[in-house]
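*Asks:* Predicted model follows, preceded by the sequence.
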Amino acid sequence: MKQDMIVILDLGSHENTVLARAIRALGVYSEIYPHDITAAELKALPNVKGVIINGGPSHVIDGVSIDVLPEIYEIGFPVMAAGHDKALCEVKLPQFTNDVEAIKSAVESFVFDTCQAETNWNMTNFVNDQIELIRRQVGGKKVLLALSGGVDSSVVAALLLKAIGDNLVCVHVNHGLMRKGESEAVIEMFKNRLKANLVYVDATDRFLNKLTGVEDPEEKRKIIGSEFIRVFEEEARKFDDIDFLGQGTIYPDIVESGTKTAKMVKSHHNVGGLPEDLQFELVEPLRQLFKDEVRACGLELDLPYEMVYRQPFPGPGLGVRCLGIISRDRLEAVRESDAILCEEFELAGLDKKVWQYFTVVPDFKSVGVRDNARSFEWPVIIRAVNTVDAMTATIETIDWPILMKITDRILKEVKNVNRVCYDLSPKPNATIEWE
Ligand code: XMP
């Protein structure tokens, strides 16, 4: 890394990540480290221009007072305490905020006047640095990558491709629970356009057979997750000359997996769990990036806007939107209705406004009329939500004419469906997904 860096020492503050994002938004690279880092460890980090002790001196968590090592103050870099208590800190940060702009102005003078940091954090420099680092790590060896087509794996694939070309082997596993045209789009982009070495595995039958008769959502998730690893492992074993595994781990995965002071938020869910005899060294070129930076990196690598700004899609895919026991015909109803919703949202410009939108098909039928005869068919439920962190969510207010057009199309075009409903529930009490 050639970029100047401001180090944030984590004293358990809620604002560590927003502080790091704010400093990066100023054009200066920033990383979060544990509060008990030693002066020697800190000095070994590249291009440190200054240190922010975030949480203030003698921060108290659960009745225990924690502080950085005294030697940190004598390290020779500018050191600043930031926190909520004006009496104890040189800079007072707004509390419990996601407001990058407010924090930017609070730390700007420290970053530029005191630390004299240069604004050399940008995606062009990042991509160039990473290409060099990847080549140095991997040499002439091969890297295997599970390419789902999600934002993170697509950006990693594009970056690795640029760094090592044919030595990247991408495996795209279609578990049969993809959205309409999704696997085809991955093949078109990476195999046909970018000429990546891409292995496509259609494992639809295998996944659906495993899911036969399974009703419980968590059980479905477990089956899909473990089957995914099994399929990927089988593909990996077909190559005997692969030493590295590419992963789309991003900075929040690392920060949220638990620092010494922050509580465990969630364990990150990349391709872990491979058998021990399959030993790969990890290549994780996005591990320093926040989600918005991952997207910017994708654009820097010329990936299309729709690909890097696509809405989140859960790992178990449509499997948790085809409620209860999955059947092929009902899965088709989920897939077709979702495609119609996506098309109409794009036409109305809602795809750029709404955080996540999809359809759900429950496992019950209702009475209707079709061709002058009684019908007994499924309902389709539309869900469209906005959120910042997926912990809470509000529903989108959609104009009636748009909803009615979508309803009309679903009723005409999707087989075995006779009703369309709109889900008005926020999270909480509902969750975003239905399962
Ligand atoms: P919930 O339904 O918990 O969803 O409000 C919050 C966000 O997480 C996504 N989600 C998942 N993502 N594997 C994933 O990778 C899963 O099993 C899973 N379940 C929910 C959901 O789509 C929403 O964005």
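*Replies:* Yes, it's here.

*Asks:* gap between the strand ranked longest in the chain and the chain center?
*Replies:* The longest strand of the chain (DSSP state E) is strand 373-386. Taking CA atoms, centre = their mean, to the nearest Å, the mean C-alpha location of strand 373-386 is offset from the chain mean by 29 Å.

*Asks:* What of stretch 368-388?
*Replies:* Centroid separation for stretch 368-388 versus its chain: 30 Å, with CA atoms, centre = their mean.

*Asks:* and if you look at stretch 417-429?
*Replies:* Averaged C-alpha coordinates place stretch 417-429 at 25 Å from its chain's average position (CA atoms, centre = their mean).

*Asks:* just stretch 217-225 next, same as before
*Replies:* Put simply, stretch 217-225 sits 20 Å off its chain's centre (CA atoms, centre = their mean).

*Asks:* which parts of the longest strand of the chain are buried?
*Replies:* E377, W378, P379, V380, I381, I382, R383, A384, V385 (16 or more other CB atoms under 10 Å). Backbone N, C-alpha and C define where each C-beta goes, glycine included.

*Asks:* Could you give the bridge partners of the second one?
*Replies:* When bridges are assigned using DSSP bridges, the partners listed for W378 are V417.

*Asks:* from memory it sits against G368, does it?
*Replies:* No. W378 lies out of contact with G368 (CB atoms under 8 Å); the separation is 10.1 Å.

*Asks:* hey, what's in contact with both of those two?
*Replies:* By CB atoms under 8 Å, 6 or more residues apart in numbering, W378 and G368 have these common neighbours: N418, R419.

*Asks:* tell me what the next helix or strand after the longest strand of the chain is packed against?
*Replies:* Using DSSP states H and E, the helix or strand that follows strand 373-386 in sequence is strand 394-395. Here strand 394-395 touches strand 373-386, going by 3 or more CB pairs under 8 Å, 6 or more residues apart in numbering; DSSP states H and E.

*Asks:* Against which helices or strands is the strand it packs on packed?
*Replies:* Checking 3+ CB pairs under 8 Å, 6+ apart, strand 373-386 ends up next to helix 328-347, strand 356-360, strand 366-370, strand 394-395, helix 400-413, strand 417-422.

*Asks:* For that strand, give the mean pLDDT please.
*Replies:* For strand 373-386, mean pLDDT is 98.

*Asks:* How about the contacts made by D302?
*Replies:* Listed by CB under 8 Å, 6+ apart, the contact set of D302 reads A158.

*Asks:* Would you mind measuring from N98 to the ligand?
*Replies:* 17 Å (CB to the nearest ligand atom, to the nearest Å).

*Asks:* which residues does that residue contact?
*Replies:* Contacts of N98 (CB under 8 Å, 6+ apart): V18, V388.

*Asks:* of all the residues in the stretch 101-250 of the chain, which ones are close to the ligand?
*Replies:* The stretch 101-250 of the chain comes close to the ligand at residues R221, as judged by CB under 6 Å from any ligand atom.

*Asks:* residue ranges of the strands in the stretch 101-250 of the chain, please?
*Replies:* All strands of the stretch 101-250 of the chain, identified by DSSP state E, counting those that start in this stretch, fall at 142-146, 168-174, 197-202, 242-246.

*Asks:* chain center to the second one: distance?
*Replies:* What it means is strand 168-174. 18 Å.

*Asks:* For the nearest residue to M391 once chain neighbours are set aside, give me phi and psi.
*Replies:* Ranked by CB to CB, 6 or more residues apart in numbering and with sequence neighbours excluded, the top spatial neighbour of M391 is K427, at 7.9 Å. Note on K427: its backbone torsions stand at phi -110, psi 130 [degrees, to the nearest 10].

*Asks:* my guess is K427 contacts I395, does it?
*Replies:* No. If you go by CB under 8 Å, K427 and I395 don't touch, sitting 9.2 Å apart.

*Asks:* and for the two, which residues touch both?
*Replies:* Shared contacts of K427 and I395, defined by CB under 8 Å, 6+ apart, are found at V385.
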